[in-house]
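J.: Predicted model follows, preceded by the sequence.
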Amino acid sequence: MLRQQDVGHRIVVRRIVGIREGRPLFSDALGELVELSETHLTIATAQGRVRVPVAEVHRAKRVPPTRRPTASAVVELELAADEAWPAPVRGRLGDWLLRSADGWTGRANSALPVGDPDRPLPAAVDAIERWYAGHGQPAMVNTPLPLAVPVGAELDARGWTARPLTLVQTVPLAALLPPEPFPAGTDGTSPEPLPAGTGGTSPGPGVGRHGPAPRDAGRDVDGPPVVLDVAPSEEWLAVAAGRKGGLPDSARHILTAVARVRFAQVYADGRLVATGRGTVTGQGRWLGLSLIEVAPSARRQGLAARVIRALAGWGTAEGATHAFLQVEQRNTGAVALYRKLGFTTHHTYLTRVAPPT
């Protein structure tokens with residue numbers, strides 16, 4: 001059987017869903033174990049979150065993680081993330097992106113080396129250093145791993161430092177929506193055989209429900225609603241400024257210059273206690289989540305999860321199929337929350353900083 005140390009890992013569960021002519025009927029679920037108690041376990045599958053009574057589990061085991069994403073998948077997601085966090089000043093070096101935003105956040109003030117820079121690697125790094133010097137900024141490069149390992153090696157040789165490792169995490173949007181009943185088999189065998197460690201694909205681009213974006217997408221019986229707006233309120237912006245250390249004009253551009261964006265707010269007793277931002281980019285496939293914040297006095301009440309689920313509902317209505325976010329590996333509290341919601345690490349990146357000249 002499963003143990004607490006299996007939480008956060010990929011598992012397969014076979015459940016007894018009935019009896020027919022003296023033979024048990026089974027149904028299988030494959031996904032990440034996000035919660036395990038004495039009475040139930042919850043799995044984030046590609047079709048959604050599934051809650052299974054432990055008493056009905058016939059067999060359950062950990063299976064190998066999904067294979068490392070392809071280079072094209074990493075490039076696709078990195079470009080969707082760039083679109084969701086658009087720097088106001090931009091340049092190109094072949095396929096590589098050069099970005100500047102008055103120093104507001106590393107993502108918007110670093111080069112993104114994906115594709116072909118149209119020149120040898122040392123010359124490309126030289127060009128990056130010149131471009132950022134021309135903008136009066138230190139040169140920085142976001143290196144998606146393992147895609148940009150050769151770039152990292154060149155930067156190592158030049159004495160560039162690295163900021164803390166960032167995880168780029170993803171989840172099928174269906175896994176963030178309310179749990180669906182466990183699907184029952186129609187005969188004495190499971191709908192799909194137990195895998196030997198592979199299988200279980202996520203829905204492809206274009207899968208999703210379309211409809212109007214809800215302004216209030218997160219009302220709980222015992223809690224205040226999550227309100228989604230097309231523009232940030234001044235209070236929302238104040239929270240972002242407090243977290244990021246100021247809010248220059250370039251920051252407002254980054255936050256609002258996306259065609260499909262929503263700003264989540266939760267008020268309690270007249271105070272703003274939780275915020276979040278959601279964007280739909282990457283040809284409509286990706287819901288990007290950022291600036292998920294809960295006031296210290298309102299933490300441990302599930303507000304961050306509710307904000308995320310409200311934005312997931314909006315993203316699904318917009319036709320997105322997957323969500324992504326970026327979180328520093330050392331932020332263990334946030335990483336644990338996202339793991340519980342079903343997020344897994346797609347790839348990682350390091351923000352590299354040039355030495356002072």
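T.: Now that the structure is in, tell me what you want to look at. Numbers count the residues shown, from 1 in each chain.
J.: from here on, contacts and neighbour counts on C-alpha atoms
T.: Fine.
J.: Around residue 235, how many other residues sit close by?
T.: 13 (other Cα atoms under 10 Å).
J.: packing partners for the helix or strand where residue 141 lies?
T.: Assessed by DSSP states H and E, residue 141 sits inside strand 140-145. The contact analysis (3 or more Cα pairs under 8 Å, 6 or more residues apart in numbering; DSSP states H and E) places strand 140-145 against helix 149-157, strand 344-353.
J.: let's go with 10 Å and repeat that
T.: With contacts taken as 3 or more Cα pairs under 10 Å, 6 or more residues apart in numbering; DSSP states H and E, strand 140-145 sits against helix 71-84, strand 96-100, helix 121-134, helix 149-157, strand 161-162, strand 166-172, strand 344-353.
J.: Would you mind giving those as a markdown table with mean neighbour count, mean pLDDT and distance to residue 44 added?
T.: Output for the helices and strands packed on strand 140-145, formatted as a markdown table (neighbours: other Cα atoms under 10 Å; pLDDT from 0 to 100; distance: least, Cα to Cα, whole Å):
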| stretch | mean neighbour count | mean pLDDT | distance to residue 44 |
| --- | --- | --- | --- |
| helix 71-84 | 18 | 97 | 21 |
| strand 96-100 | 23 | 98 | 34 |
| helix 121-134 | 16 | 98 | 41 |
| helix 149-157 | 15 | 94 | 31 |
| strand 161-162 | 16 | 94 | 33 |
| strand 166-172 | 23 | 95 | 9 |
| strand 344-353 | 20 | 94 | 10 |
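J.: closest to residue 24 out of the ones you listed?
T.: Residue 24 lies closest, by Cα to Cα, to one member of the helices and strands packed on strand 140-145: strand 166-172, at 30.8 Å.
J.: could you list every residue that touches the closest residue to residue 86 other than its chain neighbours?
T.: Using Cα to Cα, 6 or more residues apart in numbering and skipping the chain neighbours, the partner closest in space to residue 86 is residue 254 (5.1 Å). Residue 254 is in contact with 83, 84, 85, 86, 87, 88, 101, 104, 108, counting by Cα atoms under 10 Å, 6 or more residues apart in numbering.
J.: Check those and tell me the two furthest apart.
T.: Longest span within the contacts of residue 254, Cα to Cα: 83 and 104, 16.0 Å.
J.: Please name whichever of the helices and strands packed on strand 140-145 is nearest to residue 142.
T.: Judging the helices and strands packed on strand 140-145 by Cα to Cα, what sits closest to residue 142 is strand 344-353, at 4.4 Å.
J.: Now residue 230: closest residue in space, sequence neighbours ignored.
T.: For residue 230, the closest residue by Cα to Cα, 6+ apart turns out to be residue 262, at 5.0 Å.
J.: For the one you found, give the beta-bridge partners.
T.: Residue 262 has these beta-bridge partners by DSSP bridges: residue 278.
J.: what about it, distance to residue 287?
T.: 10 Å (Cα to Cα, to the nearest Å).
J.: Okay, now the sheet partners of the top strand by length along the chain, with direction.
T.: Counting residues, the longest strand found in the chain (DSSP state E) is strand 23-36. Taking DSSP bridges as the criterion, strand 23-36 forms sheet pairs with strand 10-20 (antiparallel), strand 40-45 (antiparallel).
J.: For that strand, output the C-alpha coordinates as CSV.
T.: What follows is strand 23-36, C-alpha atoms only, in CSV (Å, rounded to 0.1, in the frame of the first residue of the first chain):
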residue,chain,number,x,y,z
ARG,A,23,-16.6,-11.1,-10.3
PRO,A,24,-15.2,-7.7,-9.2
LEU,A,25,-15.3,-4.7,-11.5
PHE,A,26,-12.2,-2.6,-11.5
SER,A,27,-11.3,0.9,-12.6
ASP,A,28,-7.8,2.4,-12.8
ALA,A,29,-6.4,5.9,-12.3
LEU,A,30,-2.9,7.1,-13.1
GLY,A,31,-1.5,10.4,-11.8
GLU,A,32,0.3,12.2,-9.0
LEU,A,33,-0.7,11.4,-5.4
VAL,A,34,-1.5,14.8,-3.9
GLU,A,35,-3.1,13.7,-0.6
LEU,A,36,-3.2,10.6,1.6
